[in-house]
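Using only what follows, build the 3D model:
(chains A and B)
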Amino acid sequence: MKHKGHHAGEWLAERIVQVAGVLAIVFVVLIFVFLLREATPVLRAYSPWKMLTGRGWFPTAEPPEFGLLPLLLGSLYVTLGALGIAVPLGLACAIFIGEVAPKRLREWLKPAVELLAAVPSVVFGFVGLLLLGPWLAERLALPVGQFAALGSLLLAFMAIPTIVSVSEDALRAVPRTLRENSLALGATQWQTICRVVFPAARSGILAAVLLGLGRAIGETMTVLMVTGNAAVVPAGFSGFLRPVRTMTATIAAEMGETAYQTPHYHALFAIGLVLFLIAFAVNVIADLATRRAAGVGR
Amino acid sequence: MKAARLSRARASQAVAFALLWVAAAIVIAPVFGILCVMILKGARGLTWGLLGPGPESLLPAVVGTLYLVGLTAAIAAPVGVAAAVYLSEYARAGPLVRAIRLAIVTWRVCPRWCTGSSGWRCS
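Sure thing, here's the model as predicted:
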């Protein structure tokens, strides 16, 4: 700005990179519009409320039923289960890397966790389907080796790298003086972590959890492979040990089978719309949390 | 009294740190677990025939993947790097930058299917 007219090239360069940034917004909006357009016919024909609370997903029956409840709850079970595993482990690992681990180990541990993020989801699904599932089913005396908790377990390990890296950043952003003050007052290192560092970083940690949630709820391949895909409404704690079907898996499994522009086709887009809105809501909350973190931390 | 409290604090720290070590080990275990499983189960199938012309050849899939990834990088890298340059060098904090960042994270965790379906439908 100071060098106005200095270089037309500079101005042009700024515009070009700005357009690239704005393109991100354009694409996301386009995806949303596209989902909305393709879902509209089924939302007109069946009331959205009825779809969300319908207990039966029988898209090829006569007449078809498009109840999303089993799929919503299926996603909820798998995702919450994943968070139940990933949040404690991920946070513990972040604290370990950020505060406790010897320096050598830390330098070795961080890339190893990032390596976990690089494992393709289909490999996770493969290991779960062929090894972990049957093994667990035998140990726990389950009828089938494909169930909600198995999906949770695998998703947890896919969400952990996100949770670890984001919350470790949040821990590192806590000013050093806070730690030193606490230690100087005679607190042990663990007391300092629990009562000073962790609370100071909590907004960033919330953001880490929400980003992990976003990662888990959108995952398709792994859950399609390991959760059994039975579209029943899960109930109670035992729902974790039964096959469930998630929204993402439904779309992936049925998209290729359905005829273009049929109610079934539009219903799949309605599921996509629901997923998009959930992902968006989670991110808005995460964004608000990080902003608060930035405001409080400085 | 004071000494007792201090030793209790030290004891709880020892337990907590031990648990943190365990947690880190659990997180890291699958990295090696998956690697070992892949090697143990897959090593036998790894032959030169996979890259040859025979019926068991993986060559079409390998080359297909390379094409796909190469073209993806060719499209994504310029736009992605340009957007990153904008965000870090030019942009001032404001609604636009916030919206761009929000769009980027939404896009990242947006179910892959959202993007995939657009292409599938338009083809």
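
mind checking pLDDT for residue 12?
Let's take chain A. A:Leu12 is assigned a predicted lDDT (pLDDT) of 88.

Not quite, go with chain B.
91.

Could you verify my assumption that it touches A:Gln189?
No - counting by CB atoms under 8 Å, B:Ser12 stays clear of A:Gln189, with 11.2 Å between them. (Glycine included, C-beta is placed from N, CA and C.)

And those two? Which one has more around it.
A:Gln189 (18 against 14; other CB atoms under 10 Å in any protein chain shown).

who are the neighbours in contact with the more buried one?
Residues counted as contacts of A:Gln189 (CB atoms under 8 Å, 6 or more residues apart in numbering or on different chains) are A:Glu99, A:Val100, A:Leu183, B:Gln13.

And A:Val197, by the same measure?
A:Val197 is in contact with A:Glu99, A:Leu171, A:Val174, A:Leu178, A:Arg179, counting by CB under 8 Å, 6+ apart.

helix or strand for A:Ser182, which one?
helix A:176-184 (DSSP states H and E).

ugh, wrong one, A:Gly212
Counting by DSSP H and E, A:Gly212 is part of helix A:202-218.

Who are the packing partners of that helix?
helix A:69-95, helix A:148-172, helix A:263-297, helix B:95-109 (3 or more CB pairs under 8 Å, 6 or more residues apart in numbering or on different chains; DSSP states H and E).

burial of B:Pro95, as a residue count?
B:Pro95: 7 surrounding residues under other CB under 10 Å.

Check A:Pro70 too.
Counted with other CB under 10 Å, A:Pro70 comes out at 22.

do A:Thr177 as well
9.

One more: B:Ala61?
Neighbour count for B:Ala61, taken as other CB under 10 Å: 10.

Let's test this: what are the backbone torsions at it?
Phi and psi for B:Ala61, reported as degrees, to the nearest 10, are phi -70, psi -40.

which ones are touching the closest residue to A:Ile271 other than its chain neighbours?
Once flanking residues are discounted, A:Ile271 sits nearest to A:Met247: 4.9 Å by CB to CB, 6 or more residues apart in numbering or on different chains. For A:Met247, the contact set (CB under 8 Å, 6+ apart) comprises A:Leu68, A:Leu71, A:Leu72, A:Gly74, A:Ser75, A:Ile271, A:Val274, A:Leu275.

Using CSV, lay out those residues together with neighbour count.
Formatted as CSV, the contacts of A:Met247 follow (neighbours: other CB atoms under 10 Å in any protein chain shown):
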residue, neighbour count
A:Leu68, 24
A:Leu71, 24
A:Leu72, 20
A:Gly74, 32
A:Ser75, 30
A:Ile271, 27
A:Val274, 20
A:Leu275, 25
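
quick one: which of the residues you listed is nearest A:Gly236?
Taking CB to CB as the measure, A:Gly236 lies nearest A:Gly74 of the contacts of A:Met247, at 14.1 Å.

Touching, that closest one and A:Ser152? I think so.
No - A:Gly74 lies out of contact with A:Ser152 (CB under 8 Å); the separation is 11.3 Å.

what residues are up against the most centrally placed residue in chain B?
When CA atoms, centre = their mean is applied to chain B, the residue found nearest the centroid is B:Arg108 (10.9 Å). Neighbouring residues of B:Arg108 by CB under 8 Å, 6+ apart: A:Gly214.

now the angle from the longest helix along chain B to helix A:69-95?
If you go by DSSP state H, chain B has its longest helix at helix B:2-42. Counting by axes from the mean of the first three to the mean of the last three CA atoms, to 10 degrees, helix B:2-42 points 120 degrees away from the direction of helix A:69-95.

How about helix B:2-42 and chain A, touching?
Yes - using CB under 8 Å from any CB of the partner chain, we find that helix B:2-42 touches chain A at B:9-10, B:12-13, B:16-17, B:19-21, B:23-24, B:26-28, B:30-31, B:33-34, B:37-38.
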